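Q: here is the input, now give the coordinates:
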Amino acid sequence: MSQLRELLLAHIGYSAWATRRVLEACSPLTEEQLGRNCGASHSSLLQTFRHSHDGEKVWLRRLVEVDNDRLPRGSAPEHSFESLVQSWPELWEGYRRWLEAASEDDLTFELSTILPDDADFRVPRWQIVLHAVNHSSFHRGQIITMLRGFGVQPPNTDLTAYYATH
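A: Okay, the predicted model is just below:
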């Protein structure tokens, strides 16, 4: 297995582990708490989870469907917290399966996409995987801050904690 594929698989594994831990920490919260506007970039815990989940979903679709030159635009569905908990493992498994089957050429193949400002952007697939992981890490940090605001001790989602346990 190539070092690049191993690295990407490790980071997808980390992201799944960390998100699972944060979802578990949020599971005792009420619907009101999950939906409360906390002043974060996506307002609430639930909105932030939705944004992160849907970002992972769109990028996975983009990896798998190479012939789709443009990412779909429009509103994402309004997932419930429970539906996110149920569907997220399918996304993580999709990334894992795609990475395990991908050749070195697949990983370095550049996709053309359109950025939110309508600029064309070419990006190698391996960078898309790292972007998805980084994007989720960023928003997990926001969720952890919101959890602290509710008096909840957040889980340790640091990469070194993942390495120490895996």
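Q: how about low-confidence regions in the protein?
A: 1, 66-77 (pLDDT under 70).
Q: go with 90
A: Scanning the chain for pLDDT under 90 picks out the ranges 1, 40-41, 65-79, 112-121.
Q: hey, where'd the strands end up in it?
A: Under the criterion DSSP state E, the chain carries strands at the ranges 110-114, 120-124.
Q: any chance of those strands in a markdown table, plus mean neighbour count and distance to Gln86?
A: C-beta coordinates here come from the backbone N, C-alpha and C atoms, glycine included. Shown next, in a markdown table, are those (neighbours: other C-beta atoms under 10 Å; distance: least, C-beta to C-beta, whole Å):
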| stretch | mean neighbour count | distance to Gln86 |
| --- | --- | --- |
| strand 110-114 | 14 | 28 |
| strand 120-124 | 11 | 30 |
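Q: redo those as JSON lines? Include distance to Ser43.
A: Output for the strands of the chain, formatted as JSON lines (distance: least, C-beta to C-beta, whole Å):
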{"stretch": "strand 110-114", "distance to Ser43": "26"}
{"stretch": "strand 120-124", "distance to Ser43": "27"}
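Q: which of these sits closest to Ser15?
A: Among these, strand 120-124 comes nearest to Ser15, with 18.3 Å by C-beta to C-beta.
Q: so what touches that closest one?
A: Where contact means C-beta atoms under 8 Å, 6 or more residues apart in numbering, the residues beyond strand 120-124 that reach it are Leu107, Thr108, Phe109, Glu110, Leu111, Ser112, Thr113, Ile114, Leu115, His131.
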